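S.K.: sequence plus the predicted model coming up.
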Amino acid sequence: MKTRIPALMIAIIGMAAMSPTRGATPEFVIEIKDHLFYPSELTIPSGVKIKLRIVNNDATAEEFESYELNREKVIRGGRSGTVFIGPLPAGEYPFFGEFYPKTAQGKILVVDEI
Amino acid sequence: MTSALIIILGEVVEAMLIISLLMAATGSIGMNRGWIVVAILIGLAGAGLYADYFDAISDAFDGVGQELTNATTLFGVCLCLMFFSFFLIGQLRPAAPLFPLWVGIIALFGSIGLAITREVVEIYIYISGYLLSPEPVQPILIGGALGTGIALSMGALIYYAVSNLKRRQSLIVSCIVLVPISAGLVLQGVTYLMQADKLPAQSPLWDTSSLIPEDSVIGELLFSLFSYEATPTPLHVAFYVSTVGVMLLGMLLVSRLAASGQNNSVKYA
């Protein structure tokens, strides 16, 4: 009986470690073109962690930044970058491009039901 | 031009605050200021290296290499500032410094070198993007020069304010100001680790964004100086408080050690 407990614990820890598989994180993409975000409004589910890929099609660098999401990431021209967001409660989370804040504006809409 | 001014100002102020404080402190203990120049050159070399490998670093670790590098750099600056503050407190009694000079020099190289690497890379990527595009680069350069000028004047102000204090006071003031700066750097590092999904994202403990919005002038200034965060999570607060605690306790311990060393030397004299 005694030897089974560690084996059981290893099995539980192993399952816990494996359960958040990489494929389980949904991926969303935002593109930058002419210092604008496409889409400028992205809807994502609440309570779920997502992987946001930002593709910069401009020649210039851009910094994806959001005070509400607490995220900032520099993406060079012609490159892409990944940012993890959430899980978040439902609401509106604006973001902007710090290098071109006049035009590069957008928001992430977190909703309970998509 | 205005956005370039704000961006460059924010970046340069962060590094200038550390450089001007350390410059004033090293001056007051009679350490050769040439070490600061060497530290700045190390930082510029580091920035060149980082910029060279920026794309490879960004793509590494499943696309979160930039976050991991930034977090490591921030934790590195914090650690070096911590050791530098211990080194300074060890110098409170000029007759019996507690640590050898090389401890201070390495901490100086690490903190200023890494701080400059971090800020200069961001500025380089921002400006180099314009150089590759057909857009006019002149307004960016003018805005950047103005931003740098304002940041340098702020640095000079801090430097002279601390330098004008008496030796003991200037050491204590520098060390106390280094505490929220260092803890703030850790705070920023924690945010990068959350962004990279290496630390769990959490709901904020409180929200002061209606009081001091992060995008207001005061909010931006507070961020550049002390890494102001309007919506800290429990992990942020835990890391911040631990850093403050370790630094204050360390300084207290070093000052006790320095004092007992002094007593011994008096006893055996």
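M.R.: Yep, that arrived. If you're wondering where the values come from, they're calculated on a predicted model, not measured in any experiment.
S.K.: show me the helices in chain A, by range?
M.R.: Along chain A, counting by DSSP state H, helices occupy A:4-18.
S.K.: burial measure for residue B:41, as a count.
M.R.: Other residues near residue B:41 number 14, with proximity taken as other C-beta atoms under 10 Å in any protein chain shown. Backbone N, C-alpha and C define where each C-beta goes, glycine included.
S.K.: tell me which helix or strand it sits in.
M.R.: Using DSSP states H and E, residue B:41 falls within helix B:34-52.
S.K.: same thing with residue B:260?
M.R.: Applying DSSP H and E, one finds residue B:260 within helix B:234-268.
S.K.: same thing with residue B:72?
M.R.: helix B:65-89.
S.K.: what comes up buried for the helix or strand just after that helix?
M.R.: The element immediately downstream of helix B:65-89 (helix or strand, assigned by DSSP H and E) is helix B:101-132. For helix B:101-132, the buried set under the neighbour-count rule, 16 or more other C-beta atoms under 10 Å in any protein chain shown, comprises B:103-105, B:107-130.
S.K.: out of those residues, who's near chain A?
M.R.: B:122, B:125-126, B:128-130 (C-beta under 8 Å from any C-beta of the partner chain).
S.K.: quick check, nearest of these to chain A?
M.R.: Here the nearest of those to chain A, counting by C-beta to the nearest C-beta, is residue B:129; it sits at 3.5 Å.
S.K.: got a list of what that closest one touches?
M.R.: Residues in contact with residue B:129 (C-beta atoms under 8 Å, 6 or more residues apart in numbering or on different chains) are A:59-62, A:76-77, A:99.
S.K.: quick one: mean pLDDT for stretch B:198-210?
M.R.: Mean per-residue pLDDT for stretch B:198-210: 94.
S.K.: which residues does that stretch contact?
M.R.: With C-beta under 8 Å, 6+ apart, stretch B:198-210 has contacts from A:49, A:67, A:84-87, A:89, B:64, B:67-68, B:71, B:190, B:193-194, B:230-237.
S.K.: again, only using 10 Å
M.R.: Stretch B:198-210 is contacted from outside by A:49, A:67-70, A:84-89, B:61, B:64, B:67-68, B:71, B:189-195, B:214-216, B:219, B:228-239, using C-beta atoms under 10 Å, 6 or more residues apart in numbering or on different chains.
S.K.: can you give me the buried ones in it?
M.R.: Here stretch B:198-210 shows B:199, B:201, B:204, B:209 as buried, counting by 16+ other C-beta under 10 Å.
S.K.: part of a helix, is the first one?
M.R.: No. Residue assignment for residue B:199, taken from DSSP: H, G, I helix; E, B strand; the rest coil, gives coil, which places it outside any helix.
S.K.: which phi and psi does it have?
M.R.: phi -130, psi 150 (degrees, to the nearest 10).
S.K.: with residue B:29 instead?
M.R.: phi -100, psi 10.
S.K.: burial check on the nearest residue to it once chain neighbours are set aside, number of neighbours?
M.R.: Among residues not flanking residue B:29 along the chain, residue B:91 sits closest, at 4.7 Å (C-beta to C-beta, 6 or more residues apart in numbering or on different chains). With neighbours defined by other C-beta under 10 Å, the count for residue B:91 comes to 25.
S.K.: and what of residue A:103?
M.R.: Quick note: residue A:103 (other C-beta under 10 Å) scores 11 neighbours.
S.K.: do a quick rundown of the strands in chain A.
M.R.: A:27-33, A:36-38, A:41-45, A:50-56, A:62-66, A:71-75, A:80-85, A:91-97, A:105-111 (DSSP state E).
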